[in-house]
Each structure stands twice: as structure tokens, then as C-alpha cells.
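In: pasting the sequence and the predicted model now:
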Amino acid sequence: MRFAKKMVFPDPYACMLFQLERMEDMGAAHNFRVEMAAQSCGEEQARYGRDKRIKRMCLKTIVSGGVLESECFPVWDTRSSMSRAPKRKECRTEQRNLNTKNAIKNVVRLMNTNFTNADCWFTGTFTEKTLPRSWKETNRYAANFIRRLDRYAKKHGYPTLKYIYVSVYTNGKQERAHIHVVTNFPDRDKMESLWHEGIKETAAEKKDRLERIKKTGKPEKYMPFCGRTNARRLQADKFGYEGLARYIANNAHGTRRYTASKNLARPTITRAYCRMSRGRAEKIVKGLIDAKTEFERIYKGYKFSDMNSFVSDYVSGHYVYVRMRRLN
């Protein structure tokens with residue numbers, strides 16, 4: 001408190017942020033004092049899950065391909081006399097971070113559910129002549145490329161096209177515009193050639209080509225070139241395709257972070273309210289129970305990969321997030 005009184009803020013905005021953080025800290029401390037008085041317990045018990053208004057623990061299971069995610073969190077008795085939390089408008093940065101986190105989760109799960117190592121990851125770039133002037137133009141070219149892939153797949157009897165694509169555009173400040181596509185299109189060479197077919201010959205290029213034909217007397221076909229391409233097979237690790245999904249989804253800049261085909265299968269999500277008790281969750285967080293042994297017992301046929309556990313600074317209860325992979 002003495003330190004705060006001595007601080008001088010030449011910037012009014014910085015002073016406002018400091019006061020806001022100070023009020024939030026004081027509010028969090030007050031909440032725990034109220035909890036301690038209501039439950040007749042110490043600060044540690046109030047913080048680490050001894051709240052009587054937590055009726056049970058929910059074990060949420062998300063299965064996407066060979067990867068299993070388990071989220072364990074408290075379920076509150078909302079019918080009891082709980083004071084409603086005050087409404088707080090999220091700032092643009094917080095909302096942006098939340099949207100990014102949810103989008104990355106969705107891309108990871110969709111890729112793990114629908115694609116295998118037999119499928120492809122394609123990256124297409126642009127030359128100076130074909131460089132898009134906006135994100136909408138970049139996304140339009142990506143959508144046209146997907147249409148060419150779908151048309152070719154139907155014509156040659158390939159399986160129904162599945163895809164997830166991301167359009168990247170940053171005004172050329174840090175990186176050039178490009179697109180990423182994850183798809184089950186089987187022919188990598190044809191995929192790279194189809195990327196260039198959307199480029200039309202300009203009047204100047206046609207004039208130069210006709211002049212060369214006139215001089216040499218040899219026929220010359222127009223060869224469109226959009227930019228460099230790279231098509232490669234997917235390679236899964238113990239977390240499936242999470243590394244690739246995070247790269248392409250976190251690298252996006254635009255109004256839509258990714259676009260997916262409608263025929264993609266969704267991950268299987270189930271919830272159980274009797275497979276994990278509050279006391280057992282507390283022991284897992286504190287390390288009194290081996291998490292690997294416990295979750296491999298709950299999920300037969302899966303191998304433990306990693307775990308992240310934490311407690312909230314604002315509400316009581318334990319939160320556990322576990323990732324596992326299916327045994328072959």
C-alpha cells in the first residue's frame with residue numbers, strides 16, 4: 001500500500017490499469033475471506049476444493065482419432081444461494097486470445113478425427129504478379145483451388161474430398177500471403193499443378209508468347225505459374241497432428257481462422273459424473289495419486305501422454321487436463 005501511494009503515473013491509462021489490477025486482487029482476496037467464513041475452514045481449504053457448493057466432478061472425454069483428451073472440472077450447485085458474479089466486459093485482447101485457443105482446439109480435433117498419414121498437407125504461395133492485395137482475395141483464391149481439387153476428384157473417381165484450409169495474409173510486413181490445405185486428395189503432383197491453373201494469361205504475356213512462336217516457328221503452350229508449392233504426406237506423433245494444426249491455425253490472419261468441409265466427422269464427446277470424486281481429483285493435483293496409473297485405469301486401451309492441472313485464483317475447485325493416445 002505504501003508503495004502504491006508513492007508511485008507516480010505520468011500516463012493516466014497506466015494509472016487506470018494499475019488501479020484495475022489492484023481492485024481485482026482485493027476482490028479475489030475478499031472472496032476467499034467470505035468462503036473461509038462460510039465454510040469455517042482455512043485459506044488452503046477454501047482455495048483447493050473444500051467448497052460445499054461443489055456437488056460433484058465432471059469427467060469430460062474427447063476422442064478424436066487415436067488421441068483422447070480428458071478434462072476434469074467441478075460442477076457447481078447453481079440452485080443454491082450463490083451470488084451471481086458481476087458482469088465484466090472482456091477486453092479485445094482477452095477475447096482474441098480465447099477465440100484463438102478455441103479455434104486451435106477445433107482444428108486439432110478435426111484433423112485427428114478425419115485424416116491419416118496417407119493424406120496430404122499442401123502449401124501454396126504467390127509471385128509478385130499474382131500476390132493478393134487483401135485477405136479476402138487470398139481466401140477467394142484458396143476457395144477456387146478447393147473447387148478445382150473437388151472437380152478433379154469427382155471426374156477421376158477419387159474419394160469424396162475432405163479438407164481444412166487456412167488463408168494467411170499480413171500485408172507483406174512479416175510474411176507473404178499464402179495458404180495451407182490439409183486434404184485427403186491422393187495425388188500430390190496433380191495437386192501442385194492444379195494450384196497454377198487458376199492464373200490467366202495477361203494480354204502482354206500472350207503478345208510475348210505469340211512473338212516467340214513467330215520467331216522460332218515452334219508451338220508454345222501457355223504455362224501458368226502462381227507461386228511455389230509444396231505438397232507432403234502427413235506425419236502423426238503421439239499427439240496426432242496437433243503440431244501442424246497449431247502451426248497453421250495460429251498463423252492465420254483474417255476474419256475467419258479456418259474453413260473446413262461439411263463432410264468432416266466430429267470428435268466424440270462424452271461426460272461422466274461418477275468416475276472421479278473431489279477427493280481423488282485433489283490427490284491427483286497434489287501428487288498423492290499417480291496420474292498415469294489412475295487415468296490408464298479409467299481409460300483402458302490408452303496410454304498416458306501428459307497432464308496439466310491447476311486451481312483458479314477466483315473460484316475453488318481442481319481442474320485437470322490429460323492427453324492420451326490409443327494403443328495399437
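Out: Yes, it's here. All of these numbers come straight from a predicted model, not from anything done at the bench.

In: where does pLDDT dip in this structure?
Out: 1-52, 78-91, 171-175, 198-206, 209, 220-225, 251-256, 312-316 (pLDDT under 70).

In: could you redo the last one with a cut-off of 80?
Out: Applying pLDDT under 80 to the chain flags the ranges 1-55, 76-100, 128-130, 170-176, 197-215, 217-227, 250-257, 310-317, 328.

In: the helix or strand harbouring Q95: what's the following helix or strand?
Out: Remark: Q95 resides in helix 92-114, with elements defined by DSSP states H and E. For helix 92-114, the succeeding helix or strand toward the C-terminus, using DSSP H and E, is strand 120-125.

In: my read: E197 touches R148, true?
Out: Yes. The criterion here is Cβ atoms under 8 Å, and E197 meets it with R148 at 6.2 Å. Where C-beta positions appear, they are placed from N, C-alpha and C, glycine not excepted.

In: so for these two, which residues contact both of them?
Out: Counting by Cβ atoms under 8 Å, 6 or more residues apart in numbering, E197 and R148 have no contacts in common.

In: in the helix holding Q95, which residues are buried?
Out: A103, I104, K105, N106, V107, V108, R109, L110, M111, N112, T113, N114 (16 or more other Cβ atoms under 10 Å).

In: for this structure, what spans make up the helices?
Out: 2-6, 12-39, 43-47, 92-114, 135-155, 188-196, 203-216, 242-250, 278-286, 291-298 (DSSP state H).

In: count the neighbours of K238 for me.
Out: 13 (other Cβ atoms under 10 Å).

In: do I have it right that it meets S305?
Out: Yes. Counting by Cβ under 8 Å, S305 is a contact partner of K238 at 5.6 Å.

In: between these two, which contacts overlap?
Out: R325.

In: hang on, the earlier thing: and the helix holding Q95, what does it pack onto?
Out: Under the contact criterion of 3 or more Cβ pairs under 8 Å, 6 or more residues apart in numbering; DSSP states H and E, helix 92-114 touches strand 54-64, strand 163-168, helix 242-250.

In: paired strands for the shortest one, with orientation please.
Out: Each strand paired with strand 163-168, and its direction, by DSSP bridges: strand 178-183 (antiparallel), strand 259-260 (antiparallel).

In: quick one: it to chain centroid distance?
Out: 13 Å (Cα atoms, centre = their mean, to the nearest Å).

In: any idea how far K155 is from E69?
Out: For E69, the distance to K155 (Cβ to Cβ, to the nearest Å) stands at 39 Å.

In: higher neighbour count, the two?
Out: E69 (21 against 8).

In: can you count the residues close to the closest residue to the more buried one other than its chain neighbours?
Out: Ranked by Cβ to Cβ, 6 or more residues apart in numbering and with sequence neighbours excluded, the top spatial neighbour of E69 is I62, at 4.3 Å. The tally of other residues near I62 (other Cβ under 10 Å) stands at 18.

In: let me see the contact set for I62.
Out: Contacts of I62 by Cβ under 8 Å, 6+ apart are L68, E69, S70, E71, R109, P267, T268, I269.

In: how about the last one, what does it touch?
Out: Which is I269. I269 touches K60, T61, I62, V63, counting by Cβ under 8 Å, 6+ apart.

In: from those, which would you call buried?
Out: Applying 16+ other Cβ under 10 Å to the contacts of I269 flags T61, I62, V63 as buried.

In: in the sheet, who's paired with the first one?
Out: Right, T61. With DSSP bridges as the rule, T61 is bridged to S70, T270.

In: for it, give its distance to R232.
Out: 32 Å.

In: and for the second one?
Out: As defined by Cβ to Cβ, I62 lies at a distance of 27 Å from R232.

In: report the contact partners of V320.
Out: S70, E71, C72, F73, A281, I284, V285, A291, M307, N308, S309.

In: ok, so of these, who is nearest T123?
Out: N308 (30.8 Å; Cβ to Cβ).

In: how's the chain carved up into domains?
Out: 1-47, 118-233 (automatic domain parsing).

In: dump the residue contacts of the residue sitting nearest the centre point of the chain.
Out: For the chain, the residue nearest the mean C-alpha position is I104 (0.2 Å; Cα atoms, centre = their mean). I104 is in contact with A245, R246, A249, N250, counting by Cβ under 8 Å, 6+ apart.

In: let's see it at 10 Å
Out: By Cβ atoms under 10 Å, 6 or more residues apart in numbering, the contact set of I104 is E242, A245, R246, Y247, I248, A249, N250, A252, R257, Y258.

In: just among the residues you listed, which is most surrounded?
Out: A245 leads the contacts of I104 on contacts (other Cβ under 10 Å) with 26 neighbours.

In: would you list the contacts of I269 in a markdown table and tack on distance to D189?
Out: Below are the contacts of I269 laid out as a markdown table (distance: Cβ to Cβ, whole Å):
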| residue | distance to D189 |
| --- | --- |
| K60 | 43 |
| T61 | 40 |
| I62 | 36 |
| V63 | 35 |
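
In: which two among these are spaced furthest apart?
Out: Taking Cβ to Cβ, no two of the contacts of I269 sit farther apart than K60 and V63, at 11.0 Å.
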